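1. The following comprises the amino acid sequence and a computationally predicted model.
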There are 2 protein chains.
Amino acid sequence: MSAPIGNALIGQSGGPTAVINQSLVGVIEGCLRSDRVKGVYGAVHGVEGVLGENLIDLGRESAATLEGVANTPCAALRSVRKKPTEEECARMLEVFQAHDIRYFFYIGGNDSAETAHILNQMAVDRSYDVRLFHVPKTIDNDLCVTDHCPGYGSAARFVASALMGDNEDNRSLGGIKVDVIMGRHAGWLTAASTLAKVHDEDGPHLVYVPEQAFDLERFGDEVSEIYSSLGRCVIAASEGIHDANGKLILESQEKDSHGNVQLSGTGALGDFLAGRLKEVLGEDTRIRADTFGYLQRSFADCVSEVDANEAREVGRMAARVATSGEYQHGSVIIKREEDPTYRASFEVTDLSNVAKNTKTLPAEFLSGHGGIAASFQDYARPLVGALRAPTHLSDYPVGTKD
Amino acid sequence: MSAPIGNALIGQSGGPTAVINQSLVGVIEGCLRSDRVKGVYGAVHGVEGVLGENLIDLGRESAATLEGVANTPCAALRSVRKKPTEEECARMLEVFQAHDIRYFFYIGGNDSAETAHILNQMAVDRSYDVRLFHVPKTIDNDLCVTDHCPGYGSAARFVASALMGDNEDNRSLGGIKVDVIMGRHAGWLTAASTLAKVHDEDGPHLVYVPEQAFDLERFGDEVSEIYSSLGRCVIAASEGIHDANGKLILESQEKDSHGNVQLSGTGALGDFLAGRLKEVLGEDTRIRADTFGYLQRSFADCVSEVDANEAREVGRMAARVATSGEYQHGSVIIKREEDPTYRASFEVTDLSNVAKNTKTLPAEFLSGHGGIAASFQDYARPLVGALRAPTHLSDYPVGTKD
């Protein structure tokens, strides 16, 4: 079926990333190059914008504005956390038809892929020819099929840089530092904290991810052991760590419309772990906790160049394969070429392969309770780019005289 | 009294900054250039290192190592939070004499200036000729006499960059965001959040600093008002905000040996304010809180160039005026020259002018409950350097059709 002629609509969904607008601009660029696309529109706040017909004309933006937007963090179209009901999906198709939308690009995570998948099935059933594409983004790096997700490299770079400074801070004053990092089901971002390690005694000394059951008792023992040998200990923990029964170590009550529990935007888990360590090591021990929070996904001054380029390219690729008619729907994935050095190539997979599912850290990247295998670093390094290496003094001793 | 010939000792104290090692290397460079200085030593963990004779030889470090150290955040000599007793000060002087220390440079805040001041008086009383200098550093920017403090510009740059991304994040998803920023007595760092504002509707929309009594009731009203007009609200609050009686809005129990209460390294204040807003606006309102924590002072990938250069120069200046005999003791201060554009010059003031005291935001920089005057930005901008400006879409509307 050749590609239809009509308008293209783009939406952004879920938690923003530092490079999600690169993908937006990539899709716009790809659409503007195609003779199948008449107008390029944006849906303000994703599906909400479609349902409320709150659409904006992206084709009128200057190239300079688009380049500026590409380098601005978070969702320029504004985002949404909403899973449309079947009724709402039907309404979305009506809006598509009213505006002659023949291409819909939804930039988001697995929830967005699912929305695109449902819309696609419904459009096929109704014989309305609209090409539905999912453009991947997530700092969580937990989408299936793809080697990694646009947005992850930049967030991982922020986490690694933050940990590097934080390790020096902890080395300066001693004591125990707990850092809570985003990731409810997958520990990809927390694992990136290990990229901060340069010297033997550098932290993070312990890394806890949701892929391993978290044992509060062992946690205390493991921290104690490192603290007694080094006089300090830096811990990186995912917000989604849970016990052997799958119960979150700390959960608040709020859920979004996808049924996800709120774990971010609160210091509760860090404070809980710090409190626990005070019980084990005594009230006088210097114990601090930081929760990296939304800075991980929105901090624009620490973007991975590889990530920014790839985020742009997945957008362009989606527009290209959609408007060429090569694919009628799908999700863009990144493949890793390693010969001779890291390079990304781009392919398309079926929406159903990406919808809803989550890819967690594979066993090969794990290394027992509190550990991440060194092989993870080979995976993550090219995505994050070259990192600053801290320099330490040689500590040449001056003999005692007094 | 001409400058004595002997060894120089350097220590670092208090909370680290991203550029405190620039000052360390500046002092080392200045000492190495002087024919009055034989050896250049470092005290590991500040006064603790002096008391325990844990000294290292900095003169043996290569120029490459020193340059690497200068660009590494936090205290390369390792830091300490300790106010020596009179007995310990006497012991420190004994160690100075045993190692022929004739110059002691203490890099730190007003507590460190006080320690240098006490040591100086004691040395004068005992007729031991050691030149005591305070080299300023603090992200809090709260030292007296000086126009601003080395370390502030970089922390302020981090805060402004973080707020800029966070404002885009809040714009993407709506709701209310509370950001808690360091500063127990002074709001300089929190005020730097206003540098993130580029467009009219950009956050932070409300800024609360310790210089103004915080009214929980008014806080709720002010947030409600902005939330109903914009559908979102970004709030920056200092960790040290307190009520009209001076009682901290939230304080934990831990104090350091200077009597300072622990406010950092916990998400408690942010969570408290978010909880309060849920009471006012309802449990269903999207309200999140982040505490920027130690990243503000240790994040090396967002350093102000002006700040790094000035931090280096205050170190060089201290060594220069000490070893030339121009001053027998003192604290280096920065003066602002504004003709035709910003430039710093450096002078020396008496230790007693800097010891213990705190400089808070002057009234001219304040603008009612929750506000910072625009004049503050003229003060802060040159210290922070050029910041990224976010680009927004023009939001050209597409007419409704359905």
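-> Right, received. Where do you want to start?
2. How about the residues of the stretch 251-400 of chain A by chain B?
-> A:254, A:264-268, A:270-271, A:274, A:283, A:287-295, A:297-302, A:388-398, A:400 (Cβ under 8 Å from any Cβ of the partner chain). Where you see a C-beta, it was placed from the backbone N, CA and C, and this is true even at glycine.
3. Repeat the analysis, applying 6 Å as the threshold.
-> A:265-267, A:270-271, A:288-291, A:293-295, A:298-302, A:388, A:390-391, A:393, A:395-396, A:398, A:400 (Cβ under 6 Å from any Cβ of the partner chain).
4. buried subset of those residues?
-> A:265-267, A:270-271, A:288-291, A:293-295, A:298-302, A:388, A:390-391, A:393, A:398 (16 or more other Cβ atoms under 10 Å in any protein chain shown).
5. Just these: which are in helices?
-> Using DSSP state H, the members of these that fall in helices are A:270-271, A:295, A:298.
6. so which two of those are the farthest from each other?
-> A:D271 and A:S298 (22.6 Å; Cβ to Cβ).
7. ends of stretch A:359-376, how far apart?
-> 15 Å (Cα to Cα, to the nearest Å).
8. By neighbour count, which bits of that stretch are buried? Give me those.
-> A:359-361, A:365-367, A:369-373, A:376.
9. and if you look at stretch A:92-109?
-> Neighbour count says stretch A:92-109 has A:92-93, A:95-97, A:99, A:101-109 buried, by 16+ other Cβ under 10 Å.
10. now do stretch A:310-325
-> A:310-323.
11. same thing with stretch A:222-240?
-> Per 16+ other Cβ under 10 Å, stretch A:222-240 contains these buried residues: A:222-224, A:226-227, A:232-240.
12. Over to stretch A:53-66?
-> Result for stretch A:53-66 [16+ other Cβ under 10 Å]: buried residues A:53-59, A:61, A:65-66.
13. and what of stretch A:331-339?
-> Buried residues in stretch A:331-339 (16+ other Cβ under 10 Å): A:331-334.
14. Just the ones of the residues you listed in strands?
-> Applying DSSP state E to the buried residues of stretch A:331-339, the entries found in strands are A:331-334.
15. The residues you listed into CSV, with extra columns for pLDDT?
-> Below are those laid out as CSV (pLDDT from 0 to 100):
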residue, pLDDT
A:S331, 98
A:V332, 98
A:I333, 98
A:I334, 98
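16. Which residue ranges of the stretch 51-200 of chain A form strands?
-> Shown for the stretch 51-200 of chain A, the strands assigned by DSSP state E, counting those that start in this stretch span residues A:55-57, A:101-108, A:131-136, A:175-181.
17. where's the closest residue to A:E114 other than its chain neighbours relative to chain B, distance?
-> Among residues not flanking A:E114 along the chain, A:A355 sits closest, at 3.9 Å (Cβ to Cβ, 6 or more residues apart in numbering or on different chains). From A:A355 over to chain B the distance is 22 Å, taken as Cβ to the nearest Cβ, to the nearest Å.
18. Give me the number of neighbouring residues for A:A355.
-> 21 (other Cβ atoms under 10 Å in any protein chain shown).
19. Now for the residue nearest to A:S304 when sequence neighbours are not counted: which residues touch it?
-> Sequence neighbours aside, A:G153 is the residue nearest to A:S304 in space, at 3.7 Å (criterion: Cβ to Cβ, 6+ apart). Going by Cβ atoms under 6 Å, 6 or more residues apart in numbering or on different chains, A:G153 touches A:304, A:306-307, A:383-384.
20. Need the per-residue pLDDT for A:G153.
-> With respect to pLDDT, A:G153 scores 98.
21. go on, A:N120?
-> If you check A:N120, the pLDDT there is 97.
22. Can you report the mean pLDDT over the residues of stretch A:215-231?
-> On average, stretch A:215-231 scores 97.
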